[in-house]
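*Asks:* here is the input, now give the coordinates:
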Amino acid sequence: PGYEGQWCQTCKNCDKKCGEIRACAECNLFNTGPGKYTDTCGDCSYLKALHVEDIRPNQYDPRKSKTISQNGTCKIVDDTGCDLTFWYGYEDEYPENDSDDENDDYYYEDDEDDDGTLVVWTSNIDKVCPPLEDKDVAEACSKKTTCMDCSRSPGCGWCSSPHLEMKSRCSSIKENEKMCPTERREEKFNSVPTIIKESKEQTSRWSKAQLHPQQVELAMNVGDIQYLDFTYLFISSGTSLTHDLPENVDLKIFSSCGGDNLLTEISRCSGIFNGVTVKFYARFHLKSCPEKSSDWEKSYKLTLSQGDVLDIDLKMFCSCSCDKFSTDGICRNDKKTFLDINPCAEKNSCSECLQDSACNWCSDSKFSYFDGSPLPRCNNDNFFTSDLCNGNGKVDPPRALTGSEDCSTCNHTCSGGICEEHKQDLLDLNMCVSQLTCGDCMKEDGCAWCPQTDGAPRCNLVSKWIVGNEKRNDPNKHECQEDLYVDRSTISTDKIEFLQNSDYIYEDSPMPDMTDNTVEITMKEGQSYNLELLLKINLDHRNFEEHQKFDEVKLMMKSRDEKSLSYVKLKYDYVCKGRKCTNDDIVKNLDELSFSASIELTECPERGINEPIYVLACNEYGESYPYGL
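*Replies:* Take a look at the predicted model:
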């Protein structure tokens with residue numbers, strides 16, 4: 001049953017079965033995968049794992065067995081990037097003693113499972129891995145001719161230095177570190193999932209945030225595999241999990257769904273008692289980069305059918321910093337420049353740009369590279385920077401403009417946006433001149449706004465304005481004919497200690513006096529403000545546990561104005577004894593736990609933020625009884 005085809009060669013249910021047994025099979029056969037990650041290999045005694053090369057002449061061989069049934073084949077990519085194949089089947093008569101002695105009893109009846117004993121097996125030739133030796137990696141990398149191709153190849157690194165003559169600029173990461181100056185290495189991402197938002201606001205003592213965390217950031221290179229742990233408090237007995245990630249991102253979710261169940265790949269957990277918290281492990285594998293560059297940084301959703309959503313801000317390393325106009329870095333072995341491969345970028349106005357049918361213009365004031373640096377607004381239709389323009393700001397008529405047409409007509413207008421540019425502003429990394437309102441100008445770092453100018457852009461770098469009694473002898477500087485608006489953001493301190501807490505915190509609870517535990521910030525949208533948050537460890541607190549690891553202490557934000565939390569992003573790293581925390585750090589061995597945190601205003605609320613925002617240090621189950629505030 002379940003097989004079809006002329007020779008019963010097609011298994012309709014094999015993919016499902018592979019998901020059920022993958023964690024245990026991969027862990028026991030290859031010592032990798034979700035079972036290894038969760039340290040649950042020891043729970044897999046229900047199956048027998050065999051390597052073909054280890055089978056001796058008189059031992060049981062599943063390939064030769066006439067009593068094995070429900071066979072299937074599984075193909076997976078393990079956590080080291082190897083392509084693995086293994087087989088499985090149920091054996092009615094599995095050997096009790098696996099030895100070379102011909103007098104041993106060869107088979108016994110398995111009484112535990114009506115289907116027999118689950119056997120999984122593989123061989124060395126069924127494990128195909130990327131090159132491991134550095135010289136082999138370097139040789140494979142050397143065949144990549146552009147930084148973009150190099151950056152999308154696991155194990156490869158690119159050197160963009162214009163001061164080095166190199167036959168191939170793509171080599172192994174190790175080799176690249178030896179020969180390339182640090183500032184000229186195209187560094188890939190090297191991170192783990194970052195929690196942006198741990199929990200929703202607890203609005204009363206009876207309310208409880210079911211999903212932890214609520215929002216994360218993933219920065220991934222092609223070939224990377226990252227695990228994300230999250231928990232869900234069940235109130236209804238079951239929930240299904242779906243997502244909107246693109247096809248180039250493989251997401252598999254593993255869980256035991258509570259109780260004594262084994263770790264398996266799941267898309268639903270059901271039959272869970274009210275009040276039970278279940279842990280899930282999401283495994284992300286970035287297989288390739290999307291075709292459209294606008295998808296290289298994007299937000300996606302992992303949705304639970306009860307209505308909770310985990311927001312995933314995904315950044316993919318798909319291009320290099322030398323893939324820009326404002327750099328002297330070499331991004332190709334043939335040394336072609338940005339303008340060589342994107343000649344439309346030489347044009348300085350919308351009208352000039354659209355006189356070439358191969359070009360399009362971006363009038364959007366927010367048009368920039370992923371790192372926020374400005375890009376030429378005229379680009380070839382098939383060049384990757386074209387896709388980075390917001391759809392409403394892209395001016396791309398079906399034919400080239402004639403001599404009597406320009407970008408002021410209704411059919412292809414740049415009106416309301418940016419219609420021309422100066423290349424020096426791009427080289428100066430000046431995003432100010434693209435900002436069309438005072439509010440937008442104030443959001444950009446280093447910008448100042450002038451209500452009345454002599455024809456110069458109203459928003460420009462502070463260094464481009466004549467200030468006070470400064471003489472006007474620099475043609476690149478402009479005089480503001482009214483008062484200049486400049487950045488007034490401030491932070492009162494960059495280090496603060498948590499107030500020790502010993503009580504429950506609810507919406508209607510009065511907050512304690514926190515004069516010494518308060519920081520005042522005047523924030524500008526899009527700018528990060530760094531803080532060191534210090535938590536003294538009090539092992540008498542009821543929520544501290546004997547072997548609690550450092551990363552089981554979470555930070556989350558609370559406010560009586562719950563909506564204000566949607567405008568503020570909190571990111572943090574753990575610091576133990578003045579260094580980055582490791583897996584060996586447990587709370588009871590620490591006198592204090594530090595958080596290297598950054599707070600960012602992601603959007604300006606219309607009515608401001610009028611209620612204090614509290615940062616709580618707690619475990620994922622006890623935000624109502626935090627360690628400190």
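*Asks:* quick check: the closest residue to Ser408 other than its chain neighbours vs Gly393, distance?
*Replies:* Distances taken as CB to CB, 6 or more residues apart in numbering place Ser415 nearest to Ser408, at 6.9 Å, with adjacent residues excluded. Using the backbone N, CA and C atoms, a C-beta is placed for each residue, glycine as well. Ser415 is 11 Å from Gly393, where distance means CB to CB, to the nearest Å.
*Asks:* run through who's touching the lengthiest helix in the chain.
*Replies:* Counting by DSSP state H, the longest helix found in the chain is helix 14-30. When contacts are defined by CB atoms under 8 Å, 6 or more residues apart in numbering, helix 14-30 is touched by residues 11, 32-36, 38, 40-41, 43-44, 46-47, 49, 51, 72-74, 76, 78, 82, 84, 86, 88, 118, 120-122, 127, 252, 254, 262-266.
*Asks:* buried stuff in it?
*Replies:* For helix 14-30, the buried set under the neighbour-count rule, 16 or more other CB atoms under 10 Å, comprises 14, 17-30.
*Asks:* tell me the mean pLDDT for it?
*Replies:* Mean per-residue pLDDT for helix 14-30: 87.
*Asks:* and the helix or strand following that helix, average pLDDT?
*Replies:* Moving toward the C-terminus from helix 14-30, the next helix or strand (DSSP states H and E) is helix 34-37. In this model, helix 34-37 has an average pLDDT of 92.
*Asks:* and what of stretch 395-406?
*Replies:* Here the average pLDDT along stretch 395-406 is 88.
*Asks:* can you give me how far it is from the chain middle?
*Replies:* 40 Å (CA atoms, centre = their mean, to the nearest Å).
*Asks:* ok, now stretch 395-414?
*Replies:* The chain centre lies 39 Å from the centre of stretch 395-414; the measure is CA atoms, centre = their mean.
*Asks:* can I get it as PDB, trimmed to CA atoms?
*Replies:* What follows is stretch 395-414, C-alpha atoms only, in PDB (Å, rounded to 0.1, in the frame of the first residue of the first chain):
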ATOM      1  CA  VAL A 395       9.900  55.700 -14.600                       C
ATOM      2  CA  ASP A 396      10.300  53.300 -17.500                       C
ATOM      3  CA  PRO A 397       8.200  54.100 -20.600                       C
ATOM      4  CA  PRO A 398       7.800  51.300 -23.300                       C
ATOM      5  CA  ARG A 399       9.900  53.400 -25.800                       C
ATOM      6  CA  ALA A 400      12.600  56.000 -25.700                       C
ATOM      7  CA  LEU A 401      11.600  59.600 -25.400                       C
ATOM      8  CA  THR A 402      12.000  61.700 -28.500                       C
ATOM      9  CA  GLY A 403      13.700  65.100 -28.600                       C
ATOM     10  CA  SER A 404      10.400  67.000 -27.900                       C
ATOM     11  CA  GLU A 405       9.500  64.800 -24.800                       C
ATOM     12  CA  ASP A 406      10.800  65.000 -21.300                       C
ATOM     13  CA  CYS A 407      10.000  63.700 -17.800                       C
ATOM     14  CA  SER A 408       7.500  66.500 -17.100                       C
ATOM     15  CA  THR A 409       4.700  64.800 -19.100                       C
ATOM     16  CA  CYS A 410       2.000  62.900 -17.400                       C
ATOM     17  CA  ASN A 411       2.700  59.600 -19.100                       C
ATOM     18  CA  HIS A 412       6.200  59.300 -17.700                       C
ATOM     19  CA  THR A 413       6.800  61.900 -15.000                       C
ATOM     20  CA  CYS A 414       9.300  62.200 -12.200                       C
END
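*Asks:* ranges for the helices of the stretch 401-550 of the chain?
*Replies:* Secondary structure of the stretch 401-550 of the chain (DSSP state H, counting those that start in this stretch): helices at 423-427, 438-443.
*Asks:* of all the ones you listed, which lies closest to Pro193?
*Replies:* Smallest distance to Pro193 across the helices of the stretch 401-550 of the chain (CB to CB): 27.3 Å, for helix 438-443.
*Asks:* how far does the helix or strand containing Val216 sit from the chain's center?
*Replies:* Using DSSP H and E, the element containing Val216 is strand 215-221. Relative to the chain's own centre, strand 215-221 is displaced by 1 Å; criterion: CA atoms, centre = their mean.
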